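>>> For reference, the sequence and a predicted model appear below.
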Amino acid sequence: MRRYSRFLLPAFGLMALLLVAGCWYSFADTGDDRLGTFVKSKPPVPIVFTSRSEPTSFRAAADVGDYTTEGIGARGVGQPQWQARDGRLRILATSGRVRELTWGQPLPDGGTLTDVMSPSVSPDGKSIVFAGRRTGMHGARFRLYVVGIDGSGLQALTGDADDTGCVRVPPLRFDSMGDRLADDKRRALDYDDIDPTTLPDRTLIFASSRQPDTGGCDRRSTQIWVREAGQAPRPLTASRANDRWPFVAVDRSILFSLWSRQDEVISTDGTGLVRHSPPRAETTAPTDRWLGATITPSAESFSQLLKPRQPVWRPRPLTSGKIVFMTVPPEAPAPFSSLNEHPEAGRLAVAQAPQGYVTSAPSSLGTGGELPEVAESELKWLHADDGDGSPMSLATPSALPTGQVVVSGAKVGSDGRTRPGDYGLYIAPQDDWSNTPDRGNVPLTALFDDPDLVDGEAVGVYARAVEPGPIRTPTAWPADQVKEVRLADGTTYVGPAGKMHIEQLGTPATGGFPGQNAKDGKGPIYPHFPEGSIRKLAFYASHRDRYDDPDSVIVRGTLQKLLEAPTDPTASQGGRFEATMPVGAPTLLIGLGADGKVVNSSVPGRNATFYAFAGDHVSGTRPGGYHFCSGCHTGHTFAGSAIAEPKR
């Protein structure tokens, strides 16, 4: 017996290893037999997705809340956002098995999740971050969670006792019993964290309403935030409306949807900015458009990604390098409609376009102006019918490394509406899409359809070669350094400040972008401002709404002219600008000429005049931060990136 022991021990060890491997494989491949009946085909890679009782995760904007003076009342607690009665996070394996990842699973403190939305897979492909609502204190609000792709390690990422919560006092004043809440309790409760994604070092990028503001529109604003390990969350963007659906591209640029809902317009006399006041006719009109944008993790550089006339929701890069996004179908009224407020009520569409595709200029186009038609549209539509010739509603597209796209799709009823349970998961090729939204028929492969729930927000589980390393944030001076800034009203600001720097102020930079060729052949759609015409830049602060007044429910934010500073139009590359900016409010800028009016440009024979007004979004200044812009251009600026998804 002794002589066989040296063979038996390795044999037993091998058997144990095989047993462990077999158990792991069985566990990894286990699924819910009931859910298995809803599987239509096997995916090329594992698919993580949500199944919810309502399609509220298809909605981009925060819903109109009870934040108005008339609506909030003495016991008003605000309007919960994007809620469904229940929601589950699921994974569809390549074997065709489906497993619940969150439903009924206990959290470390014993609670459970009742609703989930907006999942994202970590760059190494091993874990999933998502937004969830739980039983108990935070039940009305979303916080962020993580779980392994095997269902292990479910835990909260935000909302714990150490979370700093809102940066200012939010709207919530009273609890359900009518008792007044302390300010710190309000900060800890009244916000939503949604749409998480991560860098390789697990730095968290997400959308949140931690910056209490309604933007004057009676709906909670959201911005893109970042949280590095051991640090408090900080905002990357400064929107007064909604920034949504961030996605970390392989080059670390962050793609997201930006709601350009701005009331600031150029005054009738053309000398500055005012808040839109109908029926008064100003030089420009207020904006109301969803755009695609990018920002670096350091917030140093911001640029436009896509700016078509259609809404850009949930932009994601394809393996081709183009951008796929969710939008409304062309029959929806343009540029904005009730479908944009609640798109889940009607038919949705999916399209793709090259980076930098621009066929609109909301803030800089003069009132009554009309953009010329582009020579050839580079917008491609995923058109698929339900088998009876009717177009399907398609939503939440996401790239797969196989050169395909996974989408949520549903039949549309004769009343033009969709039934929530009809939404299932489908795979489509990313090529051969139609130039026209109502023609062609791209074949869809059905993956999964739970007849009782909305299946959507699908994401492929695979490793992505996102550039590693910490966030390197350029600084102009120490963040706690106090600066004195002379303001436009003659007063002096004393406090934290940042540096604004612009090169290539007058260099033409829009001619080579996709969509710049006009059908009438009269040169670029967006003309360049004459070199040397911009003599000053004027900055305005669009102050946020406040909720810390003991008597007024809301103190509305005001528009304040911060400063005017001269440019150097004789500098190389078209001129330059540099100034010290106060910190604390979202800002907008205009370019002024020698006559003190906003510089404009047009093409002869067209009804379209463009103004030097960067009003499609507001910007933020970090304490000690260095911020730069690549010029002052009609339309937008665009910095192309190598963001194509890995293909295999």
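Arrived safely.
>>> contacts and neighbour counts: CA atoms only from here.
Fine.
>>> who touches the residue lying closest to Arg227 once chain neighbours are set aside in this structure?
Excluding its sequence neighbours, the residue lying closest to Arg227 (Cα to Cα, 6 or more residues apart in numbering) is Pro233, at 4.3 Å. Shown in contact with Pro233 (Cα atoms under 8 Å, 6 or more residues apart in numbering): Trp225, Val226, Arg227.
>>> between these, which is nearest Met581?
Here the nearest of these to Met581, counting by Cα to Cα, is Trp225; it sits at 21.1 Å.
>>> quick one: the helices in this structure?
With DSSP state H, the ranges of helices along the chain come out as 2-29, 33-36, 69-72, 183-189, 338-341.
>>> Lowest average confidence across these, which one?
For these, mean pLDDT drops lowest on helix 2-29, to a mean of 40.
>>> quick one, what contacts the closest residue to Val226 other than its chain neighbours?
Nearest residue to Val226, sequence neighbours excluded (Cα to Cα, 6+ apart): Ile205, at 4.6 Å. Ile205 makes contacts with Pro196, Thr197, Thr198, Leu199, Ile224, Trp225, Val226, Arg227, Pro246, as judged by Cα under 8 Å, 6+ apart.
>>> same question, Leu204
Contacts of Leu204 by Cα under 8 Å, 6+ apart are Pro196, Thr197, Thr198, Val226, Arg227, Glu228.
>>> so the second one bridges to which residues?
So the one you mean is Thr197. Beta-bridge pairing for Thr197 (DSSP bridges): Ile205.
>>> Only the buried residues of stretch 177-190, if you could.
Using 16 or more other Cα atoms under 10 Å as the test for burial, stretch 177-190 gives Lys185, Arg186, Arg187, Ala188, Leu189, Asp190.
>>> Equivalent analysis for stretch 140-152, please.
Across stretch 140-152, burial judged by 16+ other Cα under 10 Å covers Ala140, Arg141, Phe142, Arg143, Leu144, Tyr145, Val146, Val147, Gly148, Ile149, Asp150, Gly151.
>>> In those residues, which has the lowest confidence score?
Confidence by pLDDT is poorest for Ala140 among those, given 79.
>>> List the contacts of that residue.
Pro80, Gln83, Arg133.
>>> Kindly report the same for Val116.
Residues in contact with Val116, defined by Cα under 8 Å, 6+ apart, are Thr50, Arg52, Asp86, Gly87, Arg88, Leu89, Phe130, Ala131, Gly132, Arg133.
>>> ok, now Leu92?
Pro43, Pro46, Ile47, Val48, Val98, Arg99.
>>> Pick the one among those residues closest to Arg34.
Of all the contacts of Leu92, Arg34 sits closest to Val98, with 9.1 Å by Cα to Cα.
>>> ok, the closest one touching Thr37?
No: distance between Val98 and Thr37: 9.6 Å, which falls outside the contact criterion (Cα atoms under 8 Å).
>>> In CSV, list the contacts of Pro233 along with distance to Gln155 and pLDDT.
Shown next, in CSV, are the contacts of Pro233 (distance: Cα to Cα, whole Å; pLDDT from 0 to 100):
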residue, distance to Gln155, pLDDT
Trp225, 20, 98
Val226, 19, 97
Arg227, 17, 96
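>>> any idea which of the residues you listed is closest to Leu107?
Closest approach between these and Leu107, by Cα to Cα: Arg227, at 21.8 Å.
>>> how near is Trp245 to Ala61?
Using Cα to Cα, to the nearest Å, Trp245 is found at 11 Å from Ala61.
>>> if I pick Leu365, what's in contact with it?
Thr284, Ala285, Ala608, Thr609, Phe610, Tyr611.
>>> Can you flag which of the residues you listed belong to strands?
The strands, defined by DSSP state E, take in Thr609, Phe610, Tyr611 from the contacts of Leu365.
>>> Quick check: chain neighbours aside, which residue is closest to the first one?
Right, the one you point to is Thr609. Leaving aside its sequence neighbours, Thr609 sits nearest to Ser602 (Cα to Cα, 6+ apart; 4.7 Å).
>>> picking up where we left off before, looking at pLDDT only, which of the contacts of Leu365 scores worst?
Of all the contacts of Leu365, Ala608 carries the smallest pLDDT score, 89.
>>> what sits against it?
Here Ala608 is in contact with Leu365, Gly366, Gly369, Glu370, Leu371, Ser602 (criterion: Cα under 8 Å, 6+ apart).
>>> To what extent is the fifth one buried, counted in neighbours?
One way to gauge burial is a neighbour count; for Leu371, by other Cα atoms under 10 Å, it gives 16.
>>> Ramachandran angles for it?
Torsion angles at Leu371 (phi, psi; degrees, to the nearest 10) stand at phi -70, psi 140.
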